[in-house]
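>>> have a look at this prediction, sequence included:
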Amino acid sequence: MKKLIISPTYNESKNIREFISQLSAVAEDVDILIIDDNSPDGTGIIVKELALENSKINLIEREGKLGLGTAYCCGFKWALDKGYDLIVQMDADLSHNPEDVPRMFETAKEGAEVVVGSRYIVGVNVVNWPMRRLILSYLANWYARFVIRFPITDSTGGFKCFKKKVLQAINLNAIHSEGYSFQIEINFLSWIKGFQIKEIPIVFTDRTVGESKMNRGIVIEAIWMVPKLLIRKLFRIY
Ligand SMILES: Nc1nc2c(ncn2[C@@H]2O[C@H](COP(=O)(O)OP(=O)(O)O)[C@@H](O)[C@H]2O)c(=O)[nH]1
Ligand SMILES: [Mg+2]
C-alpha cells in the first residue's frame with residue numbers, strides 16, 4: 001500500500017520543520033506532499049531544503065494564495081497520478097496530531113473507505129480554542145448534520161484519510177470551495193456516492209505559532225454550502 005500525507009501551507013514557516021519531523025517519526029513508510037501557495041514567509045523555501053535531504057518529501061508550489069480547497073484537489077490529483085492507495089489530508093500547524101496518522105491508516109485497512117477525524121464523537125475534544133470559535137464550529141457541525149442529514153459529527157474538520165477509489169469517484173475539477181466549505185463538500189460527496197465512512201476520535205489543539213487564515217468569508221461560504229448541498233442531494237447533482 002502506497003501512502004501519502006498531503007498538507008496545504010500558507011505562512012507556516014514556524015511550524016513546517018516540526019510538523020514534517022514529527023510526521024516522519026511516526027509514519028516512516030509514508031510520503032509527504034506540501035502544497036505551498038508562495039508563502040511570503042518562505043515556507044516553500046524551507047520545504048525545498050528538506051526535500052533535498054529526504055526523497056519522501058515533495059513540494060508543489062502555486063503562484064499565490066489560491067485557497068485550501070483547490071490546494072487539496074491539486075494534491076489529490078497528484079496522488080492519483082502517482083498511484084497512492086491511501087491519502088491523508090491534514091493541517092500543517094500541528095493542530096492535527098501526527099501520532100493519530102497510523103490509527104487512520106489502520107482504520108482504512110480494517111475496511112473504511114473514508115476515515116474522518118472527529119472532535120465531537122464523545123463530548124468536545126478541542127484544546128485552547130477561544131470559546132467563540134468552539135461555539136461556531138459546534139453549531140456549524142450541528143447545522144450541516146441537521147440540514148443534509150448525513151451521519152458525520154465533525155464535517156468541518158480537516159483531518160481525513162481517503163482510499164484511492166473515493167478520490168477517483170469524485171470530480172475534483174468541479175470543487176472550488178475553500179476552508180470549511182471544502183471539508184463539508186468532500187464529506188458530502190464521499191457519503192452520497194455510498195462510500196463507507198468511519199469517524200475516529202481525535203483531539204484538535206489550536207496552533208501555538210503562526211496565524212489562522214480563517215476569516216468571515218470562509219464562514220459565510222460554508223453557511224451557503226449547506227443548502228446548496230441539500231439541493232444537490234434532492235436533485236441528485238453529484
Ligand atoms: N496552500 C494553502 N494552504 C492554506 C490556505 N489557507 C490555509 N492553508 C493551510 O491550511 C491549514 C489550515 O489552515 P488554518 O489557517 O490553520 O485554519 P484553522 O485551523 O481553521 O484556523 C494550514 O496548514 C494552513 O497553512 C491557502 O489558501 N493555501
Ligand atoms: Mg489551524
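Cool, the structure landed. Ligands and ions are numbered 1, 2, ... in the order given.

>>> low-confidence ranges in this structure?
Residues of the chain meeting the criterion pLDDT under 70: none.

>>> contact partners for the residue sitting nearest the centre point of the chain?
With distances taken as Cα atoms, centre = their mean, the residue of the chain nearest its centroid is Gly158 (3.3 Å). Counting by Cβ atoms under 8 Å, 6 or more residues apart in numbering, Gly158 makes contact with Leu68, Gln89, Met90, Asp91, His96, Gln183. All C-beta atoms are positioned from the backbone trio N, CA, C, and that covers glycine.

>>> restrict those residues to contacts with ligand 2.
Among the contacts of Gly158, the residues that sit close to ligand 2 (Cβ under 5 Å from the ion) are Asp91.

>>> would you show me how to pick out the buried ones of the contacts of Gly158 in ChimeraX?
Remark: buried members of the contacts of Gly158, expressed as a ChimeraX selection using 16 or more other Cβ atoms under 10 Å:
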select :68,89,90,91,96,183
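
>>> for the contacts of Gly158, give me a markdown table that also has secondary structure.
A markdown table is the format used below for these (DSSP: H, G, I helix; E, B strand; the rest coil):
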| residue | secondary structure |
| --- | --- |
| Leu68 | helix |
| Gln89 | strand |
| Met90 | coil |
| Asp91 | coil |
| His96 | coil |
| Gln183 | helix |
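
>>> quick one on the thing from earlier: shouldn't the residue nearest to the centre of the chain be within a helix?
No: according to three-state DSSP, Gly158 belongs to no helix; its state is coil.

>>> separation between Ile218 and ligand 2?
Distance, Ile218 to ligand 2, using Cβ to the ion, to the nearest Å: 12 Å.

>>> secondary structure element for Ser7?
Applying DSSP states H and E as the criterion places Ser7 in strand 3-9.

>>> enumerate the residues of the protein near ligand 1.
Residues of the chain lying close to ligand 1 (Cβ under 6 Å from any ligand atom) are 7-10, 12, 35-37, 65, 67-68, 71, 91-93, 95, 207, 212-214.

>>> helix or strand for Leu33, which one?
Element membership for Leu33 (DSSP H and E) is strand 30-36.

>>> restricting to C-alpha, output that strand in PDB.
What follows is strand 30-36, C-alpha atoms only, in PDB (Å, rounded to 0.1, in the frame of the first residue of the first chain):
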ATOM      1  CA  VAL A  30       4.700   7.400   4.200                       C
ATOM      2  CA  ASP A  31       5.400  10.100   1.600                       C
ATOM      3  CA  ILE A  32       4.600  13.700   2.300                       C
ATOM      4  CA  LEU A  33       3.300  16.300  -0.100                       C
ATOM      5  CA  ILE A  34       3.200  20.000   0.800                       C
ATOM      6  CA  ILE A  35       1.200  22.400  -1.400                       C
ATOM      7  CA  ASP A  36       2.500  25.800  -0.700                       C
END
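
>>> each with direction, which strands does it pair with?
Strand 30-36 has the following sheet partners, assigned by DSSP bridges: strand 3-9 (parallel), strand 57-61 (parallel).
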